[in-house]
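J.: just need the structure, nothing else, for what follows:
(chains A, B, C, D, E and F)
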There are 6 protein chains.
Amino acid sequence: MRVLVIGCHPDDETLGAGGTVIRHVNQGDDVSICILTDGVGARHERKEQQKECAEKACAILGVHDVVFCDLPDQGLDAMPLLDVIRPIEQRVSKFVPNIVYTHFAGDVNQDHRAAFQATTVACRSVATSPVERVLCYETASSTEWAPPFPGSSFTPNVYVDIEDVLDQKIEAMTAYAHTHVSEVKPYPHPRSYEAIAIHAQSRGIAAGMKAAEAFALVRERIKKQGGATWA
Amino acid sequence: MRVLVIGCHPDDETLGAGGTVIRHVNQGDDVSICILTDGVGARHERKEQQKECAEKACAILGVHDVVFCDLPDQGLDAMPLLDVIRPIEQRVSKFVPNIVYTHFAGDVNQDHRAAFQATTVACRSVATSPVERVLCYETASSTEWAPPFPGSSFTPNVYVDIEDVLDQKIEAMTAYAHTHVSEVKPYPHPRSYEAIAIHAQSRGIAAGMKAAEAFALVRERIKKQGGATWA
Amino acid sequence: MRVLVIGCHPDDETLGAGGTVIRHVNQGDDVSICILTDGVGARHERKEQQKECAEKACAILGVHDVVFCDLPDQGLDAMPLLDVIRPIEQRVSKFVPNIVYTHFAGDVNQDHRAAFQATTVACRSVATSPVERVLCYETASSTEWAPPFPGSSFTPNVYVDIEDVLDQKIEAMTAYAHTHVSEVKPYPHPRSYEAIAIHAQSRGIAAGMKAAEAFALVRERIKKQGGATWA
Amino acid sequence: MRVLVIGCHPDDETLGAGGTVIRHVNQGDDVSICILTDGVGARHERKEQQKECAEKACAILGVHDVVFCDLPDQGLDAMPLLDVIRPIEQRVSKFVPNIVYTHFAGDVNQDHRAAFQATTVACRSVATSPVERVLCYETASSTEWAPPFPGSSFTPNVYVDIEDVLDQKIEAMTAYAHTHVSEVKPYPHPRSYEAIAIHAQSRGIAAGMKAAEAFALVRERIKKQGGATWA
Amino acid sequence: MRVLVIGCHPDDETLGAGGTVIRHVNQGDDVSICILTDGVGARHERKEQQKECAEKACAILGVHDVVFCDLPDQGLDAMPLLDVIRPIEQRVSKFVPNIVYTHFAGDVNQDHRAAFQATTVACRSVATSPVERVLCYETASSTEWAPPFPGSSFTPNVYVDIEDVLDQKIEAMTAYAHTHVSEVKPYPHPRSYEAIAIHAQSRGIAAGMKAAEAFALVRERIKKQGGATWA
Amino acid sequence: MRVLVIGCHPDDETLGAGGTVIRHVNQGDDVSICILTDGVGARHERKEQQKECAEKACAILGVHDVVFCDLPDQGLDAMPLLDVIRPIEQRVSKFVPNIVYTHFAGDVNQDHRAAFQATTVACRSVATSPVERVLCYETASSTEWAPPFPGSSFTPNVYVDIEDVLDQKIEAMTAYAHTHVSEVKPYPHPRSYEAIAIHAQSRGIAAGMKAAEAFALVRERIKKQGGATWA
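T.: The predicted model follows:
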């Protein structure tokens, strides 16, 4: 199984799908993480530090294949979407993923929305596409702040039990506490350690689990050979 | 301020709006709770015990005006809706509420859906209606299990801070642990004490609070005299 | 893998998920089919003949575990939902399925809608539930006739390649051409052989396949042990 | 052109589509009005008087073909839907309409919702169906009071200019001012004469007209012969 | 109570929330109006005249705190959203509003959509945010022309009685009749005086009032101190 | 009857509405086709060849009035929407269409979404607008790949029988097989000849026809003179 996680900013991959990534790694799947922007533009200029943090966080998740696309932070909406599509298409073409995790269409952050739109193009269901499953994850401090209108509010239908790996997910987040401007905030901010744990517990409760990550399924294609997309 | 809480089964009022009710009571509002069914039909026959528990729970919330409509548990969908509308209309007519809290339209429980539909009729916006605000609450072990389809998934837009009264809300739930068949379940069931606390924390996080109850606003009418509907 | 297919009327199981059922059977999954109504009330009275046809069709799909609940055809909406929930709960409890296929919430047929609602209750996500995946299938001559309103229009997100088994699915439908009133109609009726093939091809095209069945995912729970829900 | 208007209660046909009916009559279309319930059950028992009023109102609209189905007022939700479908199917079968106007799926009135569901069944798009166009109208004092949730809120996409016939529509409503309990209420009730005029003007403004009736299109089938469904 | 009204073009504030603003002023609330664009780009170049008109209109509403952001008219969609967010964030940060009124997400005008998106970012629910209530208003000649698709059609759930101040609202609009190209159009254009009155009456009818402004609630946060967000 | 078809790229007009265009031509309507982009930017540079193909395809449909706007292919999202609106407004103003066909709001292609948004502005319902009917068509290899979220999934409500002209529609597509990079792909790609036929048959089946094109109605205005918008 080959798993591609697309995120706009360093920390999105951990916040949104960190626990699920750990489970993929634990069962021997190949995981690649693709970070679209440099994650610094609107905050500070220490681009290299930001990348080191991302690499450290991903290493804690068990992933060493981290690709940076260096698009401008908070600027994806101002680019032709084609320029966001292309690096994702290249990643899909090179890495040949079975499963793709990406941002949600209705997030309050404009980069996230562009990343979602670009992913749907890059993963369109042509016969030759390797992609069997595309899912949207939630990004703390963005998805829950979307307006309560149809198409914007996140409605999960896939729950992954992360009880056994929640501590490891939170440990990965510690890597982002040391960026120039910490991505980790004090509770009750959604990007606090406590909030991350509580949110996972809350999603778990809805699915009969002690902790979970929740996703909205965009598309699943169960091909002829009957392979499973998850395990 | 006069506040009416409509619930299908004893414990819905506490699960859905218990913290908010306490806050209404604390600021001197008149609160009345209307429990539509006897809450026993599908489980056991100790109707009187069920009512005692409800009265005890409501007393912990600070409410002594509890009205039982004695409709059949898990049977509201099989009655003419008119027979669900009438007791609610009577309550509205007698109690003259400014604010009404009721079930959500998309809950996985058929009684909840009927209660919602009946409330929308009983609280329709005629000029003479006293009702200024109608809100849907979430009911643990029902709302979060609704299908992920438009109209069924709960999308809150009102958050009430219940940090200071969360313990009292959970205390009210203890009254339901002593029914013949306990309504309180072991964690991670949504009706466990832990889950109730976690869910409140999770809703709080989305609103910059430490604990909250979340509601979907059905309708608010800000009348001429400019009165506030909340405080 | 244990697979439960719930249908209101004999032929729904084949129309909606016949090809997918064959694939489950072919890969060694245990499949059980649960037919809620006798499928005769509104049309004719030859109940036993109807069952024979269903058993024959299911046998062609490769399934010999067919359970009839004998609820009244075109009458599920007029019963307390609880009476539709109970036989499904019993099936879930006895058969312990991992995957459940059911009707869609917005179908133009009132039995289908009740079956969907009842399934969501019977498969609610308590910790002890065996169900890992609930999907809605399309029923020819019902789903495509639903009104174009949110919540009623079917929006698939799961596609199963049935190219290799489409002929076998259509062969199963022939069993229903010999009921007292044939369920198979002349083209371009959605329940004609030609229409069944065309619809499968059309769903396939959207997913880069030559023929597919399409589903709307209600819920997937990926439990701790990391088992796959499909294969 | 043959036009069928389905309404639950006497006055729905006038409130919802009165102006449009007049225009159909004026251009020589055959119009039939089908009133599902006796319109008295929940209010008073003068059934015959209610029918006389309906006939008088329809006569003012220019329609003399008025069929009463005598189903119970405010009771359609408590009947098997099949019993609501059948009289509509009979009407469709006998009258052979090209256009059908019916209630909206999300109305706050349970009879309206049942009428809508039954119409979608009776007008399903089989090859032999004469129906080319199905539209939902708004019913004053019901449609505007629906909850603001997807599937319940009315979103029109067809506007018919009724500037020249608005007075005649309102005159038709006067027939209902003389029922035992007047259907016409004092302003600002939605069923007051003033409100009917204002609502028409308001819908007109959205479409560049001085007065309009608004509809939500359920389905249009433009058949081979290329006939127009409107004129 | 501190009230911030965000509008793209001079006249949006009056069309969308003029009556409500008057009521806020009348009860002693502090109201600030923030006009994002110069409102001239696509029409004419008399920027200063446009501002004078806006100041005059706002003065009639009773507001003297009017801030112009001078972004390009009909050009917000072509800017990085960040550049629309920043002036709103600054306004929120300086004015510290409790209530924010803004454009609707689905308006047919691209500036309005960008303003909505930017507002949701600027008013995200962090613990330190002063914002307790965010509402979308309708803008005549834009909101009613949106496509009838989920997420685009405006569905109000808050109604403010403006019967007593409707004349004053319309008087404020007269200020815009004297711009180089008049914003006020002849009836039945939605921006005609007659249409503004009719629309207010129509919204009122739905809420049992003689005239109203209607809003869609984005988010309400009822904080610990139990303050009311309206009065 | 005057019919305007708006498409982003050469072949969209044929894929989306080719059969319907032929029917309009056959019944004597004036049809004009407006192609917004040069259709080459992202693929190759043979702009003139692309236009020749479009003219040839349109000629096969029976249309000789083809206007090219020469906007950049895959670049409409990166332009101010105003620059997409203007050429459409000019076309509407010059051609004075009664019916307009355009792209769907939720297509997976960013140009399509911009074209839709621009059309809604150019065809807004002012009193003087000639436009009586606006419909969205489906574009093979884009509409069916949209995400399954409200507002993005295409829900048709208008079906046009194209059985008699399906061959001619497919013949028009052959013109695009000879562009530098063929727009026609091998089956089961949605833009293969087989897929075009199957999709038409599938849409037909849903409407009781042997082949159909399906549309989502944006708005219909039935003006005073009672003219029909179709025939």
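
J.: what about residue A:2, how many neighbours?
T.: For residue A:2, the count of nearby residues is 17 (other C-beta atoms under 10 Å in any protein chain shown). C-beta coordinates here come from the backbone N, C-alpha and C atoms, glycine included.

J.: distance-wise, check it relative to residue C:209.
T.: Distance of residue A:2 to residue C:209, given as C-beta to C-beta, to the nearest Å: 20 Å.

J.: repeat for residue A:54
T.: Counting by C-beta to C-beta, the gap from residue A:54 to residue C:209 is 37 Å.

J.: so the residue nearest the centre of chain A: helix, strand or coil?
T.: What sits nearest the mean C-alpha location of chain A, by C-alpha atoms, centre = their mean, is residue A:13, with 3.7 Å. Secondary structure, DSSP: H, G, I helix; E, B strand; the rest coil: residue A:13 is helix.

J.: dump the residue contacts of the closest residue to it other than its chain neighbours.
T.: Spatial nearest neighbour of residue A:13, excluding adjacent residues (C-beta to C-beta, 6 or more residues apart in numbering or on different chains): residue A:7 at 4.2 Å. Neighbouring residues of residue A:7 by C-beta atoms under 8 Å, 6 or more residues apart in numbering or on different chains: A:13, A:16, A:33, A:34, A:35, A:36, A:103, A:115.

J.: and if we set it to 7 Å?
T.: By C-beta atoms under 7 Å, 6 or more residues apart in numbering or on different chains, the contact set of residue A:7 is A:13, A:16, A:35, A:36.

J.: which ones are touching the first one?
T.: If you count contacts by C-beta under 7 Å, 6+ apart, residue A:13 has them with A:5, A:7, A:33, A:35, A:58.

J.: which bits of chain A sit near chain F?
T.: Counting by C-beta under 7 Å from any C-beta of the partner chain, chain A comes close to chain F at A:80-82, A:105, A:117, A:120-121, A:124-127, A:150-151, A:218.

J.: which of these lies closest to chain C?
T.: Proximity of the residues of chain A next to chain F to chain C (C-beta to the nearest C-beta) peaks at residue A:127, which lies at 3.8 Å.

J.: about what we covered before: ok, which pair from the residues of chain A next to chain F is furthest apart?
T.: A:127 and A:150 (31.7 Å; C-beta to C-beta).

J.: which of those two has more residues huddled nearby?
T.: Of the pair residue A:127 and residue A:150, residue A:150 is the one with more neighbours under other C-beta under 10 Å, namely 27 against 17.

J.: now residue A:184: phi and psi?
T.: phi -90, psi 130 (degrees, to the nearest 10).

J.: report the separation between it and residue A:140.
T.: Distance, residue A:184 to residue A:140, by C-beta to C-beta: 10 Å.

J.: ditto for residue A:57
T.: Taken as C-beta to C-beta, the span from residue A:57 to residue A:140 is 14 Å.

J.: same question, residue A:218
T.: 20 Å.

J.: before we move on, back to that, just the buried members of the residues of chain A next to chain F?
T.: The neighbour count (16 or more other C-beta atoms under 10 Å in any protein chain shown) marks A:80-82, A:105, A:117, A:120-121, A:124-125, A:127, A:150-151, A:218 as buried among those.

J.: just checking: which of those also lie near chain E?
T.: Near chain E, by the rule C-beta under 7 Å from any C-beta, you find A:150, A:151 out of those.

J.: return the member of the buried ones among the residues of chain A next to chain F nearest to chain B.
T.: Distances from chain B to these, taken by C-beta to the nearest C-beta, are shortest for residue A:150, at 5.7 Å.

J.: what packs against the helix or strand bottoming out on mean pLDDT in chain A?
T.: Lowest on mean pLDDT, DSSP states H and E among the helices and strands of chain A sits helix A:47-61, with a mean of 93. Here helix A:47-61 touches helix A:12-26, strand A:65-71, helix A:166-174, going by 3 or more C-beta pairs under 7 Å, 6 or more residues apart in numbering or on different chains; DSSP states H and E.

J.: buried residues, it. List them.
T.: A:50, A:51, A:53, A:54, A:55, A:56, A:57, A:58, A:60, A:61.

J.: stretch A:18-37 now?
T.: Using 16+ other C-beta under 10 Å as the test for burial, stretch A:18-37 gives A:18-25, A:29-37.

J.: what about that stretch, start to end distance?
T.: 18 Å (C-alpha to C-alpha, to the nearest Å).

J.: that stretch vs chain C: in contact?
T.: Yes: against chain C, stretch A:18-37 shows contacts by C-beta under 7 Å from any C-beta at A:23, A:27.

J.: coming back round to it: okay, the contacts of residue A:13 in a markdown table with secondary structure next?
T.: Converted to a markdown table, these look like this (three-state DSSP):
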| residue | secondary structure |
| --- | --- |
| A:5 | strand |
| A:7 | strand |
| A:33 | strand |
| A:35 | strand |
| A:58 | helix |
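
J.: contact partners for the residue lying closest to residue A:10 once chain neighbours are set aside?
T.: Spatial nearest neighbour of residue A:10, excluding adjacent residues (C-beta to C-beta, 6+ apart): residue A:54 at 3.7 Å. Residue A:54 makes contacts with A:10, A:35, A:66, as judged by C-beta under 7 Å, 6+ apart.

J.: go ahead and confirm the last one touches residue A:58.
T.: Yes: the pair residue A:66 / residue A:58 is scored as a contact, 4.8 Å apart, by C-beta atoms under 7 Å.

J.: which residues do those two both contact?
T.: Counting by C-beta under 7 Å, 6+ apart, the residues touching both residue A:66 and residue A:58 are residue A:33.

J.: overlap in contacts, residue A:184 and residue A:140.
T.: Listed contacts common to residue A:184 and residue A:140 are residue A:191; contacts here mean C-beta under 7 Å, 6+ apart.

J.: those two: which is more packed in?
T.: For residue A:184 and residue A:140, the more surrounded residue by other C-beta under 10 Å is residue A:140, and the numbers stand at 24 against 19.

J.: what sits against the more buried one?
T.: With the criterion set at C-beta under 7 Å, 6+ apart, residue A:140 makes contact with A:15, A:190, A:191, A:195, A:196, A:199.

J.: what do you get for residue A:125?
T.: Neighbours of residue A:125 in contact, by C-beta under 7 Å, 6+ apart: A:219, A:221, C:206, C:207, C:208, F:145.

J.: now, which of these lie within helices?
T.: residue C:206 (DSSP state H).

J.: I'd like the contacts of residue A:125 laid out as JSON lines, including pLDDT and distance to chain D.
T.: As requested, those are exported to JSON lines (pLDDT from 0 to 100; distance: C-beta to the nearest C-beta, whole Å):
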{"residue": "A:219", "pLDDT": "98", "distance to chain D": "21"}
{"residue": "A:221", "pLDDT": "97", "distance to chain D": "27"}
{"residue": "C:206", "pLDDT": "98", "distance to chain D": "21"}
{"residue": "C:207", "pLDDT": "98", "distance to chain D": "25"}
{"residue": "C:208", "pLDDT": "98", "distance to chain D": "29"}
{"residue": "F:145", "pLDDT": "97", "distance to chain D": "23"}
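
J.: from residue E:142, how far off is the residue in chain A that chain D sits nearest to?
T.: In chain A, the residue that lies nearest chain D is residue A:150 (5.0 Å; C-beta to the nearest C-beta). Distance check for residue A:150 against residue E:142: by C-beta to C-beta, it reads 19 Å.

J.: do residue A:51 as well
T.: Taken as C-beta to C-beta, the span from residue A:51 to residue E:142 is 44 Å.

J.: so, low pLDDT: which residues of chain A?
T.: A:41-45, A:226-231 (pLDDT under 70).

J.: start to end distance for stretch A:23-37?
T.: 25 Å.

J.: which outside residues touch stretch A:91-100?
T.: A:1-4, A:6, A:32, A:34, A:67, A:119, A:122-123, A:130-134, A:229.

J.: fine by me, we can end here.
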